[in-house]
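J.: after the sequence you'll find the predicted model.
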Amino acid sequence: MKLKPAYLALLLILGSGSLKSQDIPPPNPGLVINIVSGYDIEFVFDEMSEYINGIPNAGQSTYIRIGAIYDWRLQFKADEIIFYGTDPSHMMELNNVGLVVESNGTNQDDGSNIINYAKFAPVALESDDVTILTKGSLSNRGYHIENRFTLKWEMGTRLGNMNPVRMIDQMLSADIYTLNIILTLSVVN
């Protein structure tokens with residue numbers, strides 16, 4: 001008997017109609033997040049190795065810039081408590097998705113200007129706000145040159161605090177799972 005791998009696709013919607021970013025308290029012209037590219041992220045599981053090892057970042061990234069006259073914090077969260085498939089009875093845990101943040105700006109993310117909690121290992125997606133970047137011992141104020149970041153998305157890799165169970169062992173139904181991710185930029189004292 002020959003086994004055929006089931007087809008599972010996950011589409012993370014980070015797009016213009018579905019991406020939600022907010023400055024707290026709104027509106028705040030001194031605190032701005034600009035999503036330059038990477039609004040829609042899509043992971044397609046069509047090989048057995050992807051079900052076993054997950055899909056690390058392979059071009060699945062979102063490029064952002066932060067302009068701030070204040071010290072700031074960036075958090076992310078899902079707008080649902082679980083992924084739902086096109087069939088609402090198909091569900092998947094949020095912590096199968098994680099991200100690593102790469103700093104491309106001149107503000108250092110070594111704890112001096114910025115503390116980057118997602119620098120060395122992915123931080124898992126949750127339904128509650130998760131801080132990924134915040135002020136370090138110095139100020140993280142600045143504009144597009146100082147505060148440029150690439151959010152590198154991955155799924156099912158079991159790294160960092162992501163779900164430790166392989167995708168193949170989670171008994172997921174073949175479906176397309178979607179949700180919105182909210183980026184929240186706020187002032188830090």
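T.: Ah, there it is.
J.: and the closest residue in space to Val32 that isn't next to it in sequence, how far from Gly98?
T.: Counting by Cβ to Cβ, 6 or more residues apart in numbering, Val32 lies nearest to Gly67, which is 4.4 Å off, once chain neighbours are set aside. Yep, even glycine has a C-beta here, placed from its N, CA and C like the rest. Here Gly67 is placed at a distance of 26 Å from Gly98 (Cβ to Cβ, to the nearest Å).
J.: higher neighbour count, the two?
T.: Neighbour tally, Gly67 and Gly98, criterion other Cβ atoms under 10 Å: the higher count belongs to Gly98, 27 against 19.
J.: helix or strand for the more buried one, which one?
T.: Gly98 belongs to strand 97-103 when assigned by DSSP states H and E.
J.: can I get that strand as CSV, trimmed to CA atoms?
T.: C-alpha atoms of strand 97-103 as CSV (Å, rounded to 0.1, in the frame of the first residue of the first chain):
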residue,chain,number,x,y,z
VAL,A,97,3.6,29.8,13.6
GLY,A,98,6.5,31.8,14.9
LEU,A,99,8.7,34.7,13.8
VAL,A,100,12.3,35.8,14.0
VAL,A,101,13.0,39.6,13.8
GLU,A,102,16.0,40.8,11.9
SER,A,103,17.1,44.4,12.5
